[in-house]
Structure formats: structure tokens, C-alpha cells
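K.L.:
sequence and computational prediction follow.
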Amino acid sequence: MNLMITGGAGFIGANLVLHWLRHHPDDLVVNFDALTYAGNLGNLEEVKDLPNYRFFRGDLRNALEISKAFSEHNFEAVIHLAAESHVDRSISGPADFIETNITGTFNLLETARKFWGDELSKHRILHVSTDEVYGSLGSSGKFLESTPYAPNSPYSSSKAASDHLVRAWHHTYGMNVVTTNCSNNYGPYQFPEKLLPLLINNCTQNLPIPVYGDGENIRDWLFVEDHCEALDCVFHEGDTGETYNIGGCNEWKNIDIDPL
Ligand SMILES: NC(=O)c1ccc[n+]([C@@H]2O[C@H](COP(=O)([O-])OP(=O)(O)OC[C@H]3O[C@@H](n4cnc5c(N)ncnc54)[C@H](O)[C@@H]3O)[C@@H](O)[C@H]2O)c1
């Protein structure tokens, strides 16, 4: 299978590329990534020369670049992770989130539809999203796939919009899609602006530890390699048009996290 992974130079994307090459050595993995501040090809040093791995520098905001990648590699499936992903940045500058997460997903869906034509249902797109589309986690309970959407930030609202586009392309055009909504990930290759690497860096450098609000926010945490295994499972076994929540059953108040 020729597989396009968008955002493969980012945190989860790089872990997924490594996972895929390890577990599916017969597939060709093409990492389509714009290399924004969050993308780092150093994450993929160990696989860069493998014959079944390619990097394609492209921007989802530019439909022609997506078409070029499809023409060159004849993709049979896509796992879509590329996004602007940092909530704080979405508050200070939401435009990039609208352009990449919404327009970029639209460009990807339309390009795939054009290339796959009558064979749309034979090719799968796995859309990787977040549980933040459901809003804030209360002190008890969990998000279910049936939980109403209640995004609270420009980031989560742009991801929610992309989830709705993916759903609509399935219902309207018969596209073979699955969507996953995952909780917070931790593990190797995470950009240091995110909560856990930031806390660890500050602790090791004797810097003050930031607390967001009163620190009472509750988040569920999942090890990134477990997320990759779940994505692999949903990609191969998920029912078309379905959404699957992925979590670690590992809920913490921010204030209670001890990174060391
Ligand atoms: N990090 C988490 O805890 C978490 C949890 C649940 C879901 N998700 C979702 O998983 C996906 C990956 O998250 P992450 O934490 O690895 O993100 P990240 O910010 O670490 O990486 C994003 C990657 O996308 C690329 N990218 C950004 N804009 C692009 C564009 N216009 N065109 C092409 N490439 C572009 C970047 O260069 C980068 O390599 C996102 O869709 C995110 O919403 C993340």
C-alpha cells in the first residue's frame, strides 16, 4: 500500500511513521509535511534512508501541492495528522488554525476525491482529531462518541470543523473515512511548548513552573505509542464513517502532575 501520512514530522506523526515502518514494512510511507515550527525531520533520522520511506515537503493550504504528491505517489490511503495544534497559539493567532485545520482538510478531501474518482470507497482516509472537540472534562465521567461537540478554543473549534467536513464527505460522496478523537498524548519528540515537556524542562533548569488558571483543569493522558497502536487498529478494523474515541483512562488535574 502507498500510504500518505500528513504531519509526519510532528510529534504524533513522527511516532506514527516509525510505528508504521516497523509494523508494515511492505507499505510505502510518504510523509507529507510543510515543516512549520512544529515539524522536525530530526525525529525521523533513523528511517530517512529506508527504501519504503519518502518525505514530501508540501502545504495543505496549497491544493496544487497535495495534487502533486498524489500524482507522484498514487496514494491508496491517507492518515491525516497535519494541523496547527497548540491551544495558546490558537488564542493569540487563530488564522493559521482556520487555514490549515479547516481549509487544509477540505483541500485534502477534495484532492483525494478527484484522484480516487469512482473507486472512492476502496480507499481509506483516517482523520486524526482530538477529544477537545467535546469541551472540558468534568471531575467524573468520560467523553463518549455520542457526547455533543462543545469546542472552547480556536484550536478545538477548527478541529471540530474538520471532523464535520470529513463526516460530510462520507455521507455526501461515499468517501471511506474514519475519525479518531484522542486525549492528550505524551512521549518522545513532543515540541517543548506543550505542557509535559515544558514542565520537565523548567524543573530540570530550576525555572518556575507555570500553572494555567487555578490548575484544576482535568485532562486524560495517553502514551503516544499507545495512540499509534490504536490508530493502526482503527485504520485496519474501523467501520467506515465511524468515529472512535481513544483515551488512556488516566485523568489528572494539571496541578497534580509531577513530571519528575
Ligand atoms: N498532541 C496531542 O496531545 C494530540 C491529542 C489528540 C489529537 N491530536 C491531533 O493529532 C495531530 C498531530 O498532533 P501533534 O501534537 O503531533 O502536532 P504537532 O504540532 O506536533 O505536528 C503537526 C505537524 O503538522 C505539520 N503541519 C502544520 N501545518 C501544516 C500544513 N499547512 N501543511 C502540511 N503540514 C503541516 C507541522 O509541520 C508538524 O510536523 C493533530 O491533528 C492534533 O489535532 C493531538
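P.N.:
All right, it came through fine. Numbering: from 1, shown residues only.
K.L.:
CA atoms for contacts and neighbours, from now on please.
P.N.:
Fine.
K.L.:
wait, D26 touches N2, no?
P.N.:
No: if you go by CA atoms under 8 Å, D26 and N2 don't touch, sitting 9.3 Å apart.
K.L.:
burial of D49, as a residue count?
P.N.:
D49: 10 surrounding residues under other CA atoms under 10 Å.
K.L.:
for the residue of the chain most remote from its centre, phi and psi?
P.N.:
Most distant residue from the mean C-alpha position of the chain: N206, 32.0 Å away (CA atoms, centre = their mean). Geometry field for N206 lists phi and psi as phi 60, psi 40, criterion degrees, to the nearest 10.
K.L.:
likewise for N245?
P.N.:
Taking degrees, to the nearest 10 as the convention, N245 sits at phi -80, psi 140.
K.L.:
please, which helix or strand holds the nearest residue to it once chain neighbours are set aside?
P.N.:
Closest residue to N245 apart from its sequence neighbours, by CA to CA, 6 or more residues apart in numbering: N181 at 4.7 Å. N181 is located in strand 176-182, with elements delineated by DSSP states H and E.
K.L.:
paired strands for that strand, with orientation please.
P.N.:
strand 124-130 (parallel), strand 243-246 (parallel) (DSSP bridges).
K.L.:
redo those strands as TSV? Include distance to W169.
P.N.:
As requested, those are exported to TSV (distance: least, CA to CA, whole Å):
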stretch	distance to W169
strand 124-130	11
strand 243-246	14
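K.L.:
so for the ligand, which of those strands sits nearest?
P.N.:
With CA to the nearest ligand atom as the measure, strand 124-130 is the member of the strands paired with strand 176-182 nearest the ligand (3.8 Å).
K.L.:
ok, that closest one near the ligand or not?
P.N.:
Yes: interface with the ligand: strand 124-130 contributes V128, S129, T130 (CA under 6 Å from any ligand atom).
K.L.:
buried residues of that strand, list them for me.
P.N.:
R124, I125, L126, H127, V128, S129, T130 (16 or more other CA atoms under 10 Å).
K.L.:
contacting residues for the one residue sitting closest to the centre of the chain?
P.N.:
Geometric centre of the chain, nearest residue: L81, 3.2 Å, by CA atoms, centre = their mean. The contact partners of L81, by CA atoms under 8 Å, 6 or more residues apart in numbering, come to I5, T6, G7, G8, I12, G13, H127, V128, S129.
K.L.:
for the residue nearest to N245, give me the pLDDT.
P.N.:
pLDDT, N181: 98.
K.L.:
for it, give its distance to the ligand.
P.N.:
6 Å (CA to the nearest ligand atom, to the nearest Å).
K.L.:
state the number of residues packed around G141.
P.N.:
7.
K.L.:
what helix or strand is it on?
P.N.:
With DSSP H and E as the test, G141 turns up in no helix or strand.
K.L.:
so which residues on the stretch 51-200 of the chain come close to the ligand?
P.N.:
58-61, 81-85, 100, 128-130, 182-185.
K.L.:
where do the strands sit along the stretch 1-150 of the chain?
P.N.:
2-6, 28-33, 53-57, 77-80, 124-130 (DSSP state E, counting those that start in this stretch).
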